[in-house]
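whatever this is, show me its structure:
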Amino acid sequence: MSVRSIHPSASLFALVLLGVGLALPSCTETPPPGETYVYVIDEVRILARAEVIDGVSVVDGFDIDGFDGAAPGGNCRSQEQDDYVAPDGRRGIDNQLAGGGLASVVRLLAMQEEDSSALFEGLVQGAVTAGTLLVLMKFDDVSSFENDDDVTLTLLAGQPFNVGVGTDGRLLAGQSFDIRPDTEPVVIHTAIRDGVLLADGVNLQLIGSILDVSFEIPISLGHLRVEFNPNGTVTGVLGGALPWNTLADVIPRIGGAGQFATLGRAILRGIADVMNFETGECDRLSASMRVHGVPAFIYADSAPVVTDAGTP
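Take a look at the predicted model:
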């Protein structure tokens, strides 16, 4: 039996291939996990006024029904009103609270002669600075604040407490929060594109109180846009549908004009623009809110995972 010899150059080539193979990472190797960042929403402003620019009504928000104009099959009287245009040019923006109907209702119920829609616009913010409405945004597995294909957003309700507030009327950064045990977190898997995170399916409960008046406003068909700022804060817009009957219960008590509650309910019901196709009723109003957030912490024993805050 003859033995074939291996050419020296072939041996050298095999060693080179082996070295290259050792240097390259395995295709099945899992990339390291990203970081976790937590923010508390320190400012919420309901966008209840549209700005007319060159004859076009402009207000930020989202197209929550998927149509530029009235959704087919609906019978809401207010659907005859045209949709708005967003500042970035997006059309079909649904924000019925930006119509004149809200200002009229608040002016009536608050028994004020001037345009008092600011009363309602500041309702939610008053609960934030009072420490009764605390919404935390937790971003998990963040590898980049510019572009990241796999980010998990969790929205949590903080336990009310005597929060620290700065001279600008916003919550101070770096505070720690317990999570309310009576609320369910909203978990959404999404991505960051060019520094902007978009999330759909945001069904959130806004629970708080202001001036000794408790409120619970559920948001359905929700959308959230978040932008990560170089200074470590976040800004964005939250939009969705709010039940008109919930607003009708809250506004008269805030304005101290309960005798007008029946008329106020009729007006709010008339301007509802989101139809429940299961019941056939127009039971919600489209709305949007501008939000701002600062870094925060969640107590480790208050959440399933340890979280931290940071600066992008």
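
please count neighbours and contacts with C-alpha atoms only from this point.
Fine.

let me know the helix or strand that residue 262 is in.
helix 261-271 (DSSP states H and E).

that helix: what's the following helix or strand?
Next along from helix 261-271, by DSSP H and E: strand 274-276.

grab the nearest non-local neighbour of residue 98.
Leaving aside its sequence neighbours, residue 98 sits nearest to residue 48 (C-alpha to C-alpha, 6 or more residues apart in numbering; 3.9 Å).

check the spacing between that neighbour and residue 248 real quick.
16 Å (C-alpha to C-alpha, to the nearest Å).

now do the strands in the stretch 151-300 of the chain.
176-177, 186-193, 196-210, 213-228, 234-243, 274-276, 281-295, 297-298 (DSSP state E, counting those that start in this stretch).

so for stretch 264-282, what gets flagged as buried?
Neighbour counts using 16 or more other C-alpha atoms under 10 Å place 264-265, 267-275, 282 of stretch 264-282 among the buried residues.

quote the end-to-end distance of it.
Terminal residues of stretch 264-282 lie 16 Å apart, using C-alpha to C-alpha.

and if you look at stretch 47-64?
15 Å.

buried ones in it?
Counting neighbours by 16+ other C-alpha under 10 Å, the buried set in stretch 47-64 is 47-50, 57-64.

then stretch 182-200?
Result for stretch 182-200 [16+ other C-alpha under 10 Å]: buried residues 185-188, 190-192, 196-200.

biggest separation within these, which pair?
Using C-alpha to C-alpha, the pair of the buried residues of stretch 182-200 lying farthest apart is 185 and 196, separated by 21.7 Å.

of the buried residues of stretch 264-282, just say which sits nearest to residue 140.
residue 274 (32.7 Å).

is that closest one in a bridge, and if so with what?
Per DSSP bridges, the residues bridged to residue 274 are residue 284.

contact partners for it?
Applying C-alpha atoms under 8 Å, 6 or more residues apart in numbering, we find residue 274 in contact with 76, 241, 282-286.

list the contacts for residue 173?
Neighbours of residue 173 in contact, by C-alpha under 8 Å, 6+ apart: 294-296.

I should have written residue 195 there, sorry.
Contacts for residue 195 (C-alpha under 8 Å, 6+ apart) come out as 145-147, 227-228.

okay, and the beta partners of the closest residue in space to residue 238 that isn't next to it in sequence?
Distances taken as C-alpha to C-alpha, 6+ apart place residue 224 nearest to residue 238, at 4.6 Å, with adjacent residues excluded. Listed by DSSP bridges, the beta-bridge partners for residue 224 are residue 199, residue 238.

isn't residue 224 up against residue 204?
No - Residue 224 lies out of contact with residue 204 (C-alpha atoms under 8 Å); the separation is 10.8 Å.

show me where pLDDT drops low in the stretch 201-312 of the chain?
Applying pLDDT under 70 to the stretch 201-312 of the chain flags residues 210-211, 251-260, 303-312.

one more time with 50, if that's ok
304-312 (pLDDT under 50).

and if you look at the stretch 51-200 of the chain?
113-115.

give the contact list for the closest residue to residue 60 other than its chain neighbours.
Leaving aside its chain neighbours, residue 60 sits nearest to residue 86 (4.7 Å; criterion: C-alpha to C-alpha, 6+ apart). Residue 86 makes contacts with 58-62, 93, as judged by C-alpha under 8 Å, 6+ apart.

these in strands, which ones?
Among the contacts of residue 86, DSSP state E puts residue 58 in strands.
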